[in-house]
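Q: heads up, no residue letters with this:
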Ligand SMILES: [Zn+2]
Ligand SMILES: [Zn+2]
């Protein structure tokens, strides 16, 4: 009865208009901008979780108007007077500040999550690749001390390419610095929840991201210590796509739970109930 | 110039006389009995460490005449009224007692090691294969409590085929029982040194042998949880000879140091100096 | 429902009921009465059989393919469960699972062996035989429980720890041993329930608790009856004999004071009635958590020590 | 002795001395005087060159094939060393070693990277790049030190943590991170000495201490100069430039307050005179252990926190 079936003509795809469509950076599917925003920048086709700005995170995470920034005035410095081929670190960072309105790669503050007072630190990849530097470490420290003082659960969203080499050894020292304050939280039994978002790598993965009471990851987030290229050079072979994904880390025992963005707030709230003493 | 060299006639080996020779159970070399004893029953050809009786251990380990037994009157019982094809457990154990003069698979006591007061527990494989049972656990517990009370380092020589199944679940319960007293020693910072001798397997390896501050093993000792045959059946392949040896455990991170019998006393003495607070 | 050999009278009645139903698509009231009668018979038979199971029969019930597994207990007993993964060292063993759970009004950390229901699951879980990373995951979660003073609820159902070369290589002995010492000293209440098979070191590796409960048709043993038979009688088929000698049933273990309480299963075993099983298990856990919550942690840890220190029968 | 490029004047003099010795098997007193003169020259040259090494030259000295390695320091500084093996979890990494050691009158736990001298050794040690099990072994030993209140002495000499797929799989990031947190809170004194290369996360993974010492020609950096150059300039040959920009020498790090003290090396670098190097390193460690032994643990841990909390230059 084949003759009944009308062959469907391929519909000429409309040229996507940038004002109303967005293309998923991962699967290249075209998605309505409205829908994309409503889905919290998660692709409904492939579950790709796009990187968020700190503001977008806070808006998703905290009760409306509850966020109050901590250590807001702390800003990057240039301890080594560092310059590279493309110019000075100072000017590059200043340019970044201009574009993002950020003083550093992290924003810290306090607010309410379903009514529970929490301290948060949210990295923003737009600021020099979310690199870990003096300002980042200091803001982290001050937020941590605030959490300690007020016994508020400390929730940290990581998004980082690693240490900021323009600050040389000083950036490396932010690893023990941030972990030192977390040791204090641990001693005081103040909950610390680490949320790893895309990407959580290098010095951030090897410091505060990996010493949480609970490790959450967003789906498909890149998480790892060494860079893929470096590892491939070391082992002289190609790595599978699954390497260093959130799912890979879950399977290898370093992530407690993978949480989709839309469930993040509720899951954090549920988890905190178990860590209240 | 080959004709210079006189072909050596194979010397007809004298038939070894059992009264003056001993044959190494491992490499089959014939060794003078005197030498064998002088070498503490270690083969100078292949470094095989023969199993020792508790008395031989204590003589090697402690200063002369310093040993005083603890919990000496504790003896095996027969909680399940267990019988198998070869007869009752009670009669088998009694027979073993007759042969070895032992009440149980472990002898516990206190003494001096190069002048340092220590508490020791020494297993004896001759008593029902050094199996872990109620009496073993109770003697271990009492020795541990003695070490705790007197703040004496607790040194345990394991030699065991595992739990004594004739005591059923009760023998299994000796695992948490012995570890419970070790938890108390840990809390009080009383040093606990575990020495694994051939063989340290099954329930003993999965309890007190593996939770020491320091793990010593005698060379080539068999150490492991599951039996070789069971594992080979599970994985459907033959295991190498090196599997579950002291050297294998060292390589895999579960033994701190392999110590030859002749160095055991001095090494323990040196180690204890670092654990004195 | 798979019936076991010794349930033959029950199977027979079931067949007769099925036959009757097939022959009488629209049964008369007489037929209906007969079916009712048969069903009563069936229950009476189950009661009779299960009142007097031999140890070896109990083993078969404890291993029954339809016996409720940890995921069933979680679904039936917990109003919330958030699974947490991984040992933070090597892997996320599926043979041992755990997470935050709410039972009644109690927030707890729940851990336990997972056997898996489907073949695929079973393979992933090593048929409930946990690896070192499983014991280390359980320990990590127990330490988390201790930190936030959540009680630990530990569900035991394993043929034993996995006897693979890789498990050995990664320190199966060390992992179990460490758990024994850490659990002995854990500063939070621990309730243990043996729900199915309590297999040797693999069971005790998460089995050190303040209250040890056991389902009425579960078993708990230092060695499997088959293993014991093959060692002692050089004949694996003498498992029934070994099961007898080893004293592995809840009743025997209660009299040996190795367990504190028996949780009675519904008629015909837990696999015949999940809802009732869950209800009685949930209530029992709650009751013991209630009790423990009224005792100071210091006293709990002290009593736990005394409990295990007292285990043994010697002269 | 391998001479480095920038040591050409020294090499030249060495050749001339060798030539003279060859030409004059029984040298006259004049020739002997000339050789003496040349040797004085050689030392003067070494002094001059080493007084003013560029950062990149310092890197080459720090990586010199004859530079003393951890086993040399142990042999030269400790009157006793009992090596302890393994992480009790997975393995016994040769890239990180440790054990009980006696330095002067101090009993300590000593840990540190091992690079290996021969090619065989180097391969076993991953060229000083430790794996997760190395960091976990170090942590285990540090916890043992804490238990018995032994100070920790940590010797740093690594190009970085091992960047292999297996190291990643077993949690290189977690292992380093955990050490950072545990070391920050360790209740016993920690003396850190950067003896050669202080390579990034691999170095700081055992580098959190109360006193951070550094040999005068050692380097300590967030990234290797080559790595930095290839990222920032897309040109690995600009390593010298990167070394300059990164401020990786002892002098720079002292002024940045990342280290507390420079241990001066003998003329021409540690590799030219082991005995003097060992003497000065030993004395320095002893002096700092003496000092720390007079401070309460509580205060030490508090100061360690403050030390690292103060690290950073921000606006
Ligand atoms: Zn997509
Ligand atoms: Zn031999």
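A: Received, thanks. Computed from a prediction, not measured in an experiment: that's the story for all the values here. Ligands and ions are numbered 1, 2, ... in the order given.
Q: chain center to the lengthiest strand in chain C, what's the gap?
A: In chain C, assigned by DSSP state E, the strand with the most residues is strand C:190-199. Per C-alpha atoms, centre = their mean, to the nearest Å, the displacement of strand C:190-199 from the mean C-alpha position of its chain is 4 Å.
Q: next helix or strand past that strand?
A: Counting by DSSP states H and E, the next helix or strand C-terminal to strand C:190-199 is helix C:200-204.
Q: Quick one: check the helix or strand containing residue C:278 for contact with chain A.
A: Assigned by DSSP H and E, residue C:278 belongs to helix C:274-293. No - Helix C:274-293 does not reach chain A (C-beta under 8 Å from any C-beta of the partner chain); its nearest approach is 12.5 Å. Any C-beta I mention is one placed from the backbone N, CA and C, and that applies to glycine too.
Q: Which parts of the chain are strands?
A: In the absence of a named chain, this looks at chain A. Going by DSSP E, chain A shows strands at A:21-23, A:30-32, A:68-70, A:83-84, A:87-88, A:106-113, A:116-123, A:154-160, A:192-201, A:214-217, A:223-224, A:257-258.
Q: My question was about chain C, not that one.
A: Using DSSP E, strands in chain C cover C:80-83, C:96-103, C:106-113, C:152-158, C:190-199, C:211-215, C:219-221, C:261-263.
Q: Including distance to ligand 1, mean pLDDT and mean neighbour count, could the ones you listed go into a markdown table?
A: Formatted as a markdown table, those follow (distance: least, C-beta to the ion, whole Å; pLDDT from 0 to 100; neighbours: other C-beta atoms under 10 Å in any protein chain shown):
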| stretch | distance to ligand 1 | mean pLDDT | mean neighbour count |
| --- | --- | --- | --- |
| strand C:80-83 | 27 | 98 | 16 |
| strand C:96-103 | 30 | 98 | 25 |
| strand C:106-113 | 36 | 98 | 26 |
| strand C:152-158 | 40 | 98 | 28 |
| strand C:190-199 | 43 | 98 | 28 |
| strand C:211-215 | 48 | 98 | 25 |
| strand C:219-221 | 51 | 98 | 29 |
| strand C:261-263 | 49 | 98 | 18 |
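Q: Does stretch C:79-91 reach chain B?
A: No - if you take C-beta under 8 Å from any C-beta as the test, stretch C:79-91 misses chain B, and the best it gets is 11.4 Å.
Q: Adding distance to ligand 2, write the strands of chain C out as JSON lines.
A: Formatted as JSON lines, those follow (distance: least, C-beta to the ion, whole Å):
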{"stretch": "strand C:80-83", "distance to ligand 2": "53"}
{"stretch": "strand C:96-103", "distance to ligand 2": "42"}
{"stretch": "strand C:106-113", "distance to ligand 2": "44"}
{"stretch": "strand C:152-158", "distance to ligand 2": "41"}
{"stretch": "strand C:190-199", "distance to ligand 2": "38"}
{"stretch": "strand C:211-215", "distance to ligand 2": "48"}
{"stretch": "strand C:219-221", "distance to ligand 2": "39"}
{"stretch": "strand C:261-263", "distance to ligand 2": "54"}
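Q: Residue C:70 contacts residue C:114, doesn't it?
A: Yes - between residue C:70 and residue C:114 there is a contact at 5.1 Å, judged by C-beta atoms under 8 Å.
Q: so what sits against both of these two?
A: residue C:97 (C-beta atoms under 8 Å, 6 or more residues apart in numbering or on different chains).
Q: The longest strand of chain C pairs with which strands, and in what direction?
A: Strand pairing for strand C:190-199, determined by DSSP bridges: strand C:152-158 (parallel), strand C:211-215 (parallel), strand C:219-221 (parallel).
Q: The first one: how far from the chain's middle?
A: Relative to the mean C-alpha coordinate of its chain, strand C:152-158 is positioned 7 Å out (C-alpha atoms, centre = their mean).
Q: do the same with stretch C:214-233
A: 14 Å.
Q: now stretch C:153-167
A: So, by C-alpha atoms, centre = their mean, the centroid of stretch C:153-167 is 12 Å from its chain's centroid.
Q: Let's have the strands paired with strand C:190-199 in JSON lines, adding distance to residue D:167.
A: Listed next are the strands paired with strand C:190-199 as JSON lines, based on distance: least, C-beta to C-beta, whole Å:
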{"stretch": "strand C:152-158", "distance to residue D:167": "32"}
{"stretch": "strand C:211-215", "distance to residue D:167": "41"}
{"stretch": "strand C:219-221", "distance to residue D:167": "41"}
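Q: returning to that earlier point: got the buried residues for the helix holding residue C:278?
A: C:274, C:277, C:278, C:280, C:281, C:282, C:284, C:285, C:286, C:288, C:289, C:292 (16 or more other C-beta atoms under 10 Å in any protein chain shown).
Q: which ones are touching the fourth one?
A: Just to be clear, that refers to residue C:280. C:263, C:264, C:265, C:266.
Q: Spell out which parts of chain A neighbour ligand 1.
A: A:24, A:26, A:27, A:43, A:45, A:46, A:48 (C-beta under 5 Å from the ion).
Q: Nearest to ligand 2: which residue in the stretch 151-277 of chain A?
A: residue A:235 (41.8 Å; C-beta to the ion).
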